[in-house]
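Colleague: need a 3D model of the following:
(one chain, ligands or ions: 2)
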Amino acid sequence: MLEHDPNCLFCKIVAGQIPSKPVYQDEEFYAFHDIHPSAPVHFLIIPKRHIPSMAQVTDAHAGLLGRLMVLAPKLALQLGCNPYPAGGFRLLCNTGAEGGQEVHHLHIHVMGGPRPWLRG
Ligand code: 5GP
Ligand code: ZN
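Modeller: Ligands and ions are numbered 1, 2, ... in the order given. Model (predicted):
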């Protein structure tokens, strides 16, 4: 699997070739606001290296995926999601065409804030 796919939208965002509104970054991850938010808080967290989807993950990705899931609640609170249990957030990871995935670079949606939301 390529580290970066020159034709991938999110690889271009990581490289700064396409502008985005940053939320957070470290060596492994980049988080940025979704261009079409469907909740008051709606951002995406992506690994900087190109992994097409959850369908391609292997045992070698266990550490990365663990760190991703630990990062999500921290960023959710920082970005204005209200505290659990009255608040909270939704994590969504669309995978493949039937899973509703449009951009084929692994990402999780983090959505939160007061309802109603646009979708769901
Ligand atoms: P998927 O359906 O693949 O899970 O979600 C892709 C998400 O990426 C969508 O929510 C869409 O709004 C967002 N998105 C698509 N293109 C761009 C872009 O160029 N910039 C940003 N910030 N978000 C994008
Ligand atoms: Zn990519």
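Colleague: where do the strands sit along the protein?
Modeller: 22-25, 29-33, 41-47, 89-92, 108-112 (DSSP state E).
Colleague: neighbouring strands for the first one, and are they parallel or not?
Modeller: Note on strand 22-25: by DSSP bridges, its sheet partners are strand 29-33 (antiparallel).
Colleague: in the strand it pairs with, what counts as buried?
Modeller: By 16 or more other CB atoms under 10 Å, the buried positions in strand 29-33 come out as 29-32. The way it works is simple: take the backbone N, C-alpha and C, and place the C-beta from them, glycine included.
Colleague: what comes up buried for the lengthiest helix in the chain?
Modeller: In the chain, assigned by DSSP state H, the helix with the most residues is helix 62-78. By neighbour count on 16+ other CB under 10 Å, the buried set for helix 62-78 is 64-65, 68, 71-72, 75-76.
Colleague: with just CA atoms, put stretch 54-62 into PDB.
Modeller: This file holds the C-alpha atoms of stretch 54-62, laid out as PDB (Å, rounded to 0.1, in the frame of the first residue of the first chain):
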ATOM      1  CA  MET A  54     -11.400  -0.100   7.400                       C
ATOM      2  CA  ALA A  55     -11.500  -3.000   4.900                       C
ATOM      3  CA  GLN A  56      -7.700  -2.800   4.500                       C
ATOM      4  CA  VAL A  57      -6.700  -2.700   8.100                       C
ATOM      5  CA  THR A  58      -4.500  -5.500   9.500                       C
ATOM      6  CA  ASP A  59      -3.000  -6.500  12.900                       C
ATOM      7  CA  ALA A  60      -0.200  -4.000  12.000                       C
ATOM      8  CA  HIS A  61      -2.700  -1.100  12.300                       C
ATOM      9  CA  ALA A  62      -3.900  -2.100  15.800                       C
END
